[in-house]
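> below are the sequence and a predicted model for it; my questions follow.
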Amino acid sequence: MEVVPTESEVATEQTATGGTTGGTQHFDVVIVGGGPGGYAAALYGAAAGLSIALVELDKVGGTCLHRGCVPAKEFLETASVYRTVRSASEFGIDAGPDQKEPTVTFSVSQDRKQQVVGQLFAGLSGLLKGRGVTIFNGSGTLLAGRRVRIAGNDGANAEVTGTDVVLAAGSVPRTIPGFDIDGSLVLTSDEVLALDRLPASVAVVGGGAIGCEFASMFSDLGTSVTVFEALPTILNGCDEDVVRTVARSFKKRGIDVKAGVTLHGHTPDPSGTGTVVSFGDGEQLDVEAVVVSVGRRPRTEGLVSDDAGVTIDARGFVAADPYMRTSAESVWAVGDVVAGTPQLAHVAFAEAIVVIKSILGEPVAPVDYARVPWAIYCHPEVAFAGLTEAEAKEAGLEVVVKKDPFGGNSRARIIGETEGMVKVVAEKLPDGTTGRILGVHMVGPWVTEQLGAGYLAVNWEATAEEVAQFVQPHPSLSETFGETVLALTGRGLHVA
């Protein structure tokens, strides 16, 4: 059951406190935006006894829960199940003589996605209500004096004040010239995650994390996929060995990656059934749909008034220091609206905790963005934390590198997922021995669930010798990380 106050309930609350009759309701913290950063700040602050107001235009959970991380991974899981069923005969399982090839009913996957999202939304709503968070359904604008004007979804207006205010309005998909979003031929992640059928062919514009996830999902489910990337390679910022592994897998599966190319626009078919993408030196490609995945821009239009004292940079991001403080006193910012930070839900969680601890006057360390965990859910999966080999060398560090392919891992062989490897980058000490672990890079089966040990090693600045003492279960995929680190000590078992 949905437990977020309805629009009429919000209006009643505002009237009862004078919000629509001239008075102003005051809270310890007013949060504008109910996505990961906003609701994390609300839950963490409420748990500490602070009175919290949360202003959300749509539904709590934000893009991540409703149009991003969660629904995208549900569809990727659909692709994973489809791959498993297709290869079931390798395990001696016969799906039956009448079903030689499995079929995908994408509308059913869409329904399942909605069930997953709905259950998580209900749970989050219940948590917020249980901790006494007051939710206002509408659009919030920060005014001078830490006042927040709320344009309610029901047409009513209200104003609240906060001892502190947190800006957490999130982001929206970026677009590019020549590819206006129409929801039919040209789609962003929002429209893709609302599809009830699969297009026969797609051009994915952008070879970053989101683009590669969509390319992988569509391809696994039978759609012909072409990826266009303006940079020389896909997955810019990932370790080059990881990039090569994913690119090799994509090629093997028939995903056509066109890197280092320029797009010129598209010409819809008069019948409305597809479009022609123009690129490069007069080249063209016929596709049924175009998926634009070129990143996200901050949702800061109307977020702050001119006299609020908050600095918004030329790209629309809120300027904040390492403790998430903006240029206005007692006004903070977290998540995708903040300049120069990774647009990751778990980073927003961490930033929210930094803010609330700072408000409470508790000791707190800022988020170390160079060491946060990254997870990309294409097939094969990618996960990493810390410096790549190239970044470490560019920083002037001497390094020792070890790689262990999943092909030698017994659990990977058992599950039939041997594509990929673990790569560990460590500091080389003057005496030739191995020092701190600087970066851990994984590509392969379920690596997004295996990064924990590597993330801790990087952030605790542990040495290879220290980490090698920890015992890994056998047989397990996580053994690959343990084997790689053991090899760094100079005495590896299966890795030279």
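Noted; the coordinates are in hand.
> could you confirm residue 357 falls within a strand?
No. Counting by DSSP: H, G, I helix; E, B strand; the rest coil, residue 357 falls outside a strand, being helix.
> nearest residue to it other than its sequence neighbours?
Spatial nearest neighbour of residue 357, excluding adjacent residues (C-beta to C-beta, 6 or more residues apart in numbering): residue 364 at 3.9 Å. For every residue, glycine as well, the C-beta is placed using N, CA and C.
> hmm, that neighbour is touching residue 323, no?
Yes. Applying C-beta atoms under 8 Å, one finds residue 364 in contact with residue 323, separated by 7.4 Å.
> find the residues that touch each one of these two.
Common contacts of residue 364 and residue 323 (C-beta atoms under 8 Å, 6 or more residues apart in numbering): 354, 358.
> over to residue 45: give its phi and psi.
Backbone torsions of residue 45, given as degrees, to the nearest 10, read phi -70, psi -40.
> burial of the residue nearest to it when sequence neighbours are not counted, as a residue count?
Distances taken as C-beta to C-beta, 6+ apart place residue 356 nearest to residue 45, at 4.6 Å, with adjacent residues excluded. Residue 356 has 27 neighbours, counted by other C-beta atoms under 10 Å.
> so who does the residue nearest to residue 357 touch?
Contacts of residue 364 (C-beta under 8 Å, 6+ apart): 323, 353-354, 357-358.
> are any of those buried, and which?
Among the contacts of residue 364, those that count as buried by neighbour count (16 or more other C-beta atoms under 10 Å) are 353-354, 357-358.
> on the three-state scheme, the closest residue to residue 240 other than its chain neighbours is what?
The spatial neighbour of residue 240 that comes closest, neighbours along the chain excluded (C-beta to C-beta, 6+ apart), is residue 390 at 6.5 Å. Here residue 390 takes the helix state, with states given by three-state DSSP.
> please name the nearest non-neighbouring residue to the residue positioned nearest the centre of the chain.
The centre of the chain sits closest to residue 344, judged by C-alpha atoms, centre = their mean, with a distance of 4.5 Å. Counting by C-beta to C-beta, 6+ apart, residue 344 lies nearest to residue 372, which is 6.8 Å off, once chain neighbours are set aside.
> quick one: low-confidence residue ranges for this protein.
For the chain, the stretches with pLDDT under 70 are 1-23, 95-100.
> that one - how does it break down into domains?
Domain assignment for the chain, taken from automatic domain parsing, gives 7-64+111-172+297-370, 186-294, 380-488.
> rewinding a little: what is the nearest of the buried ones among the contacts of residue 364 to residue 418?
If you rank these by distance to residue 418 using C-beta to C-beta, residue 353 comes first, at 38.6 Å.
> what's the following helix or strand after the biggest helix by length in the chain?
What stands out as the longest helix in the chain, according to DSSP state H, is helix 106-130. Downstream of helix 106-130, the first helix or strand assigned by DSSP states H and E is strand 134-143.
> counting by contacts, list what that next one packs against.
Judged by 3 or more C-beta pairs under 8 Å, 6 or more residues apart in numbering; DSSP states H and E, strand 134-143 is in contact with helix 7-16, strand 25-32, strand 52-56, strand 147-152, strand 157-167.
> mind giving me the packing neighbours of the shortest one?
Packed against strand 52-56, as judged by 3+ C-beta pairs under 8 Å, 6+ apart, are the following elements: strand 25-32, helix 36-47, strand 134-143, strand 147-152.
> for the second one, buried residues please.
Applying a neighbour-count criterion of 16+ other C-beta under 10 Å, the buried positions in helix 36-47 are 36-46.
> can you show me the helices along the stretch 351-496 of the chain?
389-394, 410-415, 451-459, 464-468, 479-488 (DSSP state H, counting those that start in this stretch).
> ranking the ones you listed by burial, who's on top?
helix 479-488 (a mean of 25; mean count of other C-beta atoms under 10 Å).
> any idea of the angle that helix forms with helix 451-459?
Here helix 479-488 runs at an angle of 30 degrees relative to helix 451-459 (axes from the mean of the first three to the mean of the last three C-alpha atoms, to 10 degrees).
> contacting residues around helix 479-488?
In this structure, residues lying in contact with helix 479-488 by C-beta under 8 Å, 6+ apart are 400, 402-404, 406, 409-412, 421-424, 426, 434, 437, 440, 442, 444, 450, 453-454, 457, 464, 467-468, 470-473, 492-496.
> and with 6 Å instead?
Helix 479-488 has contacts (C-beta atoms under 6 Å, 6 or more residues apart in numbering) with 402, 404, 406, 409, 422, 424, 426, 434, 453-454, 464, 467-468, 472, 492, 494-495.
> need the buried ones from those residues selected in ChimeraX.
Applying 16+ other C-beta under 10 Å to those, the buried members can be selected in ChimeraX as follows:
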select :402,404,406,409,422,424,426,434,453,454,464,467,468,472,492,495
